[in-house]
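Q: sequence first, predicted coordinates after that:
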Amino acid sequence: MQAVVKIGSSQHLVTPGQELLVDKLSVETGEVIFDQVFLLIDGDQVQVGQPTLPGVKVSAQVESSVKGDKIRVFKFKAKSRYSKTTGFRAKLTKIKINEIRVKKA
């Protein structure tokens, strides 16, 4: 079973047991439930939401908070002696998808 779920500001195709890095969540530990599910794939059956699927939720376990890779930004202008270096590291949350819950109608 797979689902397309909105986590933070992006959408992810998830399966139970999958681990992924997402934008930092406000929860540090424990279980998180995502209820904005746009697509559900169960074998040959595909359900598409308008825009979301009612009664479908994805539960995940928050494992840790980590920092992403370091990104270097270098600005340079020729003939004006201008150069500037800045850096950035995104704050991420590592989660593990527990299950995809479907409420039977």
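A: That came in fine, so what should we check first? Worth saying up front: this structure is predicted, and the values here are computed from it rather than measured. Residues are numbered from 1 along each chain as shown.
Q: rest of the way, CA atoms for contacts and neighbours
A: Will do.
Q: which helix or strand contains the closest residue in space to residue 59 that isn't next to it in sequence?
A: Take residue 59 and drop its neighbours on the chain: the residue closest to it by CA to CA, 6 or more residues apart in numbering is residue 33, 4.4 Å away. Residue 33 is part of strand 30-34, with elements assigned from DSSP states H and E.
Q: which strands or helices does that strand pack on?
A: In this structure, strand 30-34 makes packing contacts with strand 2-7, strand 56-77, judged by 3 or more CA pairs under 8 Å, 6 or more residues apart in numbering; DSSP states H and E.
Q: what lies in contact with the shortest one?
A: What that stands for is strand 2-7. With CA atoms under 8 Å, 6 or more residues apart in numbering as the test, strand 2-7 has contacts from 11-16, 22-23, 34-42, 58, 100.
Q: one step back: run through who's touching the strand holding residue 33.
A: So strand 30-34 is in contact with 5-7, 57-62, going by CA under 8 Å, 6+ apart.
Q: do stretch 93-101 as well
A: 1-3, 14-25, 55-66.
Q: which element is the residue nearest to the spatial centre of the chain on?
A: The chain has residue 22 as the residue nearest its centroid, 3.8 Å off, counting by CA atoms, centre = their mean. Per DSSP H and E, residue 22 falls inside strand 19-23.
Q: other SSEs contacting that strand?
A: Looks like strand 19-23 contacts strand 82-102 (3+ CA pairs under 8 Å, 6+ apart).
Q: partners of the strand it packs on in the sheet?
A: strand 19-23 (antiparallel), strand 56-77 (antiparallel) (DSSP bridges).
Q: buried residues in it, which are they?
A: Across strand 82-102, burial judged by 16 or more other CA atoms under 10 Å covers 92-100.
Q: got it, and stretch 36-51?
A: For stretch 36-51, by 16+ other CA under 10 Å, it's 36-40.
Q: what's near enough to touch residue 18?
A: Counted by CA under 8 Å, 6+ apart, residue 18 has contacts 96-97.
Q: for it, phi and psi?
A: Main-chain torsions, residue 18, degrees, to the nearest 10: phi -80, psi 140.
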